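# Here's a sequence, model it:
(chains A, B, C and D)
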Number of protein chains: 2
Amino acid sequence: MKKISESAVRRLSLYLRLLQEAEAAGSDTISSDELAARGGTTSAQVRKDLSLFGSFGKRGMGYSVRELLREIRAILGLTRAWNVALIGAGKIGSALFSYRDFAARGFHIRAVFDTDPRKLGEAWGALKVRPDEELDRALREEDIDIAIIAVPADAAQGVVDRVVQAGVKAILNFAPVRPRLPRGVTIRNVDMTLELEGLSFALAGR
Amino acid sequence: MKKISESAVRRLSLYLRLLQEAEAAGSDTISSDELAARGGTTSAQVRKDLSLFGSFGKRGMGYSVRELLREIRAILGLTRAWNVALIGAGKIGSALFSYRDFAARGFHIRAVFDTDPRKLGEAWGALKVRPDEELDRALREEDIDIAIIAVPADAAQGVVDRVVQAGVKAILNFAPVRPRLPRGVTIRNVDMTLELEGLSFALAGR
DNA sequence: CTTATCTTGTGAATGTTTTCACAAGGCAGG
DNA sequence: CCTGCCTTGTGAAAACATTCACAAGATAAG
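Residues are numbered from 1 along each chain as shown, chains lettered A, B, ... in the order given. Have a look, this model is predicted:
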């Protein structure tokens, strides 16, 4: 199997969303041109991306929305549910917890952790905020697939180490650090300051 | 002037952070090797990135931390402050509002908007949540450079259109849509579902 | 002053991603 | 069944990004 670039995966994920919108709008089929226009890319790019995984279209006709949805879901591993742990019950953690899109796509938050004694025991939906000490055991017991790191920068590397030690293979990191990781663990960093600085660069260069 | 890739700008922003850490740790100089190790890249990449903008190092010695900080800040346009508007006073908006890193880097939130009548007038720090109707006027009056979009998906395109109409040239978008934009306006999309799906893909492919 | 040691800055080479362009199919209408 | 019109899937070309590799400059020590 060929290596798939991160940007190709990102775009697939985007196509998935566009297809859901098309389905909601009642479209039965969609062309690469249409997907491209809605996604801000080109039709050649769309076709190349899809061709990495198979031939899902009909020449002259485009793609069946229903069918392509099914294929992309399968490619992205969205046919099953994933167990997620949220580490850090601050503002960002709280915002993520109530983000409905996650559950809608099969990402279920099974546990929330924090170190602040005042937060421990707080009810978050059906869950209670649990102390740091339970982290290692809980990750295994709840069979957590993905850890979301929403702790301050200086705590992030420590949390990452423990999470990895507990066998978690995927991390979504909101702390403004680039944690060291062993091979075989995947991380995605969401770094809002970086994005703002990118905008600053664009504004300044004119 | 050559075209600078988005990933190069991202890395510069990362180097900036690493340099701040090095400065805090008391280092006077730093080599491309060291920056690379801390940033998870290679020394050739670091030198190439910097060489896009000039020669800031001393052969045999590395870079002066102080001086490189100054240079990168200038490149990224961080020697001045930027006026930011936050549109959407929900959970995400609230988390962003209290994110201290923004102000620390010169991104000052000057106004907060929402459509929910129950939120209007709420005190957010020294600001009050303002109604949608004031958006257009306020963006101009407060001389807003950057708009942060933290509204539901179906409202995002409308907000983007108004913001652009008011002359804003940079947008940080948290809504899960890819808004249409005229040329000359820069957008950065922060799309958390996309990131999670990227992790799902990595987990599924094993 | 000379030598040994470091680390930058940068062309050239390599690798990766995007775009081009068109043959191959598929459908509709007559 | 044939013609005209679409749109896919995909090699090949072009554009872009990263890595290599080394001359050149800087320092320090003798």
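# how about the lengthiest helix in chain A against DNA strand D, any contact?
For chain A, the helix that runs over the most residues, judged by DSSP state H, is helix A:6-24. No. Applying Cβ under 7 Å from any atom of the strand, one finds helix A:6-24 out of contact with DNA strand D, separated by at least 10.3 Å. Just so you know, the C-beta spots here come from the backbone N, C-alpha and C atoms, and that holds for glycine as well.
# Against which helices or strands is that helix packed?
The contact analysis (3 or more Cβ pairs under 8 Å, 6 or more residues apart in numbering or on different chains; DSSP states H and E) places helix A:6-24 against helix A:32-39, helix A:43-51, helix A:65-76, helix B:192-204.
# Let's verify the spatially most central residue of chain A: helix, strand, or coil?
Central residue of chain A (Cα atoms, centre = their mean): residue A:172, 7.1 Å from the mean position. Put simply, residue A:172 is strand when judged by DSSP: H, G, I helix; E, B strand; the rest coil.
# Can you give me every residue that contacts the nearest residue to it once chain neighbours are set aside?
Nearest residue to residue A:172, sequence neighbours excluded (Cβ to Cβ, 6 or more residues apart in numbering or on different chains): residue A:148, at 4.7 Å. By Cβ atoms under 8 Å, 6 or more residues apart in numbering or on different chains, the residues touching residue A:148 are A:84, A:85, A:86, A:87, A:88, A:93, A:96, A:109, A:171, A:172, A:174.
# again, only using 10 Å
Going by Cβ atoms under 10 Å, 6 or more residues apart in numbering or on different chains, residue A:148 touches A:84-88, A:92-93, A:96-97, A:102, A:107, A:109, A:112, A:163, A:170-174, A:190, B:192, B:195-196, B:199.
# C-terminal to the strand or helix carrying it, what's the next element?
Per DSSP states H and E: residue A:148 is located in strand A:146-149. Per DSSP H and E, the first helix or strand lying C-terminal to strand A:146-149 is helix A:153-165.
# I figured residue A:205 was touching residue B:4, is that so?
Yes. Contact criterion Cβ atoms under 10 Å: residue A:205 and residue B:4 qualify, at 8.1 Å.
# Pull up the overlap in contacts between the two.
residue B:75.
# Could you check which of those two is surrounded by more residues?
The neighbour comparison of residue A:205 against residue B:4 (other Cβ atoms under 10 Å in any protein chain shown) goes to residue B:4, with 16 against 13.
# If you drop the residues flanking it in sequence, what lies closest to that one?
Spatial nearest neighbour of residue B:4, excluding adjacent residues (Cβ to Cβ, 6+ apart): residue B:52 at 6.0 Å.
# Neighbours of that neighbour, how many?
By other Cβ under 10 Å, the burial measure for residue B:52, its neighbour count, is 15.
# separation between it and residue A:201?
Going from residue B:52 to residue A:201 by Cβ to Cβ, to the nearest Å gives 12 Å.
# And for residue A:192?
Distance of residue A:192 to residue A:201, given as Cβ to Cβ: 15 Å.
# which bits of chain A sit near DNA strand C?
Counting by Cβ under 7 Å from any atom of the strand, chain A sits next to DNA strand C at A:3, A:5-8, A:41-42, A:44-45, A:47-48, A:58-61.
# All set, thanks.
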